[in-house]
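K.L.:
Here's my sequence, what's the structure:
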Amino acid sequence: MSSRRQAITLYRNLLRESAKLPSYNFRMYAARKIRDTFRANRTIRDYEEIDRQIVAGQQNLELIRRQVIIGHLYTTDKLVIENKKTLKPSDD
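P.N.:
Below is the predicted model of the structure:
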């Protein structure tokens, strides 16, 4: 598989797994960190460095997967910001 395709697949998997984190703060931090890291590494042209970054990303993916499992073992209440409000028409 080409390194571009690997990087895109890894990016999608990281974002997908980070969306499963039960804690809002961890979920937002992980998504922001993933996007920022991929943007920072966009200009890398050295194939060995690309391979190192992909291996590091795969290790981080496994870490996120473990954190998702641990997070579901110890659940907490949702934050106020996570509760979706539905707008109801007012009876004015």
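K.L.:
mind listing the helices for the protein?
P.N.:
Taking DSSP state H as the criterion, the chain carries its helices at 3-18, 24-40, 47-73.
K.L.:
between the longest one and helix 3-18, how many degrees?
P.N.:
Okay, so that is helix 47-73. Inter-element angle recorded for helix 47-73 and helix 3-18: 10 degrees (by axes from the mean of the first three to the mean of the last three CA atoms, to 10 degrees).
K.L.:
Can you list the buried residues in helix 47-73?
P.N.:
Going by neighbour count (16 or more other CB atoms under 10 Å), the buried part of helix 47-73 is 50, 53-54, 57, 60-61, 64, 67-68, 71. All C-beta spots, glycine's among them, are computed from the backbone N, C-alpha and C.
K.L.:
what's it packed up against?
P.N.:
Applying 3 or more CB pairs under 8 Å, 6 or more residues apart in numbering; DSSP states H and E, one finds that helix 47-73 contacts helix 3-18, helix 24-40.
K.L.:
again, but for the shortest one
P.N.:
If you count contacts as 3+ CB pairs under 8 Å, 6+ apart, helix 3-18 packs onto helix 24-40, helix 47-73.
K.L.:
could I get the ones you listed as JSON lines with mean pLDDT and distance to Y11?
P.N.:
Compiled in JSON lines, the helices and strands packed on helix 3-18 are given as follows (pLDDT from 0 to 100; distance: least, CB to CB, whole Å):
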{"stretch": "helix 24-40", "mean pLDDT": "95", "distance to Y11": "6"}
{"stretch": "helix 47-73", "mean pLDDT": "95", "distance to Y11": "8"}
